[in-house]
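Participant: Could you look at this predicted model? Sequence included:
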Amino acid sequence: MRKVVCPLCNHLHEIDEKKYDSIKCEECGIEFSISDGINALNRNYKVNRDRGFKFYTKLKFNESNECYEECLKINPNDFDVLTRYILNLCYLNSLEETNFGKIIPLFEEREISLDGKNTYTFLAFIKDFTQNVSIYFREIYKRAIENNQFINEKYALSYAKSLYDLKKDFAYFKEVIPLLKVEEKNFYLEDQGNEDVLTRFEEYLNKVDDELKKTFSLINKGDFIINEDGLLNFLNENIIKGEEKEDKELMIIYPNREFQKKMRFFYILIGSLIAIGILFIILGLSLNNDILTYLAFLPAAILVVVFIIFYKEINK
């Protein structure tokens, strides 16, 4: 069976190309050739893949995954798109619910061979996945726990289930690592910035195990441990009464609106200073006026100060 896309409405079709030279679209009614359908499919695939990445860079993870879903309808076994799709799911985690439990089924329902290219893709995915998990732990301890207690039961339940799911995810990935192509794996790990990818992976694998062994505390309910099924087992100890709280922003990763406003202001200011400096230089040279030419150094000096402030702001 061959997949083709309608050139007019982008509806996906599966046909037996040995039986048909053309196809009539069941959605919009136009008739098109197999070659036009293949060209439309390739074009549709590239457009959605590019749009998916653009949405990702803007932290629009839902929109990004809508594009990647279209790609996976065309090629379910595109490992690169699949890993991006899964990472987007991780970036969509919230304090109340995470997607860590959806990862393994998405891998297992596809036929993917770990060739050289996919070895690189898998290790890049492991690197980003581990980074995402580190952010998840950081945000949980910063926003869901106060005075060593979970601030409400929803966050505690979600955390318990997430640890249970993460334990299975890490175990699954650990089984995959020995199957990677050795030469490509070594080459990837020797690249600058990738040397500690597997070390970090093991670090967070162990952290998940450590967290599952800990005793936690929940406001109004007391101490609890996490069962093997990812549920809370209360010990009826150290019950401290208090008011339940909720974080104003549930998403683990969310756009910092205030930071975005500052960045827009910086970009406008930098652009304006560059334009003013160029204007002084043009006027000075065209009028043969040294004073105007030298005035170009003033916005340049201000620009240096702005860059220093800008650098400090983005590295907070």
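Facilitator: Arrived safely.
Participant: so Asp209 touches Lys167, yeah?
Facilitator: Yes - between Asp209 and Lys167 there is a contact at 7.0 Å, judged by Cβ atoms under 8 Å. The way it works is simple: take the backbone N, C-alpha and C, and place the C-beta from them, glycine included.
Participant: And the two? Which one has more around it.
Facilitator: Lys167 (18 against 13; other Cβ atoms under 10 Å).
Participant: To which secondary structure element type does that one belong?
Facilitator: Taking DSSP: H, G, I helix; E, B strand; the rest coil as the rule, one finds Lys167 in the helix state.
Participant: if I pick it, what's in contact with it?
Facilitator: Val208, Asp209, Leu212 (Cβ atoms under 8 Å, 6 or more residues apart in numbering).
Participant: mind checking how far it is from Tyr204?
Facilitator: 11 Å (Cβ to Cβ, to the nearest Å).
Participant: Tell me which stretches of the stretch 1-150 of the chain form strands.
Facilitator: In the stretch 1-150 of the chain, the strands defined using DSSP state E, counting those that start in this stretch lie at 2-5, 12-15, 22-24, 31-33, 145-146, 149-150.
Participant: Make a markdown table out of these and add mean pLDDT and distance to Val197.
Facilitator: Shown next, in a markdown table, are the strands of the stretch 1-150 of the chain (pLDDT from 0 to 100; distance: least, Cβ to Cβ, whole Å):
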| stretch | mean pLDDT | distance to Val197 |
| --- | --- | --- |
| strand 2-5 | 89 | 35 |
| strand 12-15 | 86 | 36 |
| strand 22-24 | 85 | 46 |
| strand 31-33 | 90 | 46 |
| strand 145-146 | 95 | 29 |
| strand 149-150 | 96 | 31 |
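Participant: any low-confidence regions in the stretch 151-300 of the chain?
Facilitator: Where the stretch 151-300 of the chain drops to pLDDT under 70, the residues are 255-264.
Participant: Could you rerun that using 80?
Facilitator: Where the stretch 151-300 of the chain drops to pLDDT under 80, the residues are 254-267.
Participant: so where do the helices sit in it?
Facilitator: All helices of the stretch 151-300 of the chain, identified by DSSP state H, counting those that start in this stretch, fall at 153-176, 182-190, 197-213, 257-286, 290-295, 297-314.
Participant: For Ile219, find the nearest of these.
Facilitator: helix 153-176 (8.5 Å; Cβ to Cβ).
Participant: tell me which residues in the closest one are buried?
Facilitator: 154-167, 169-170, 173 (16 or more other Cβ atoms under 10 Å).
Participant: ok, now stretch 107-122?
Facilitator: Under the neighbour-count criterion of 16+ other Cβ under 10 Å, stretch 107-122 has Phe107, Ile112, Leu114, Asn118, Thr119, Tyr120, Thr121, Phe122 buried.
Participant: coming back round to it: most packed of the strands of the stretch 1-150 of the chain?
Facilitator: Mean neighbour count, computed with mean count of other Cβ atoms under 10 Å, is highest for strand 149-150 among these, reaching a mean of 22.
Participant: Give me the residues contacting it.
Facilitator: Residues outside strand 149-150 that contact it (Cβ under 8 Å, 6+ apart): Ala144, Ala156, Tyr159, Phe216, Ser217, Leu218, Ile219, Ile240, Gly242.
Participant: so what's the third one closest to, chain neighbours aside?
Facilitator: On the basis of Cβ to Cβ, 6 or more residues apart in numbering, the spatially nearest residue to Tyr159 that is not a chain neighbour turns out to be Ile140, at 5.8 Å.
Participant: Check the first one too.
Facilitator: By the measure of Cβ to Cβ, 6+ apart, the closest residue to Ala144 outside its immediate chain neighbours is Tyr155, 4.0 Å from it.
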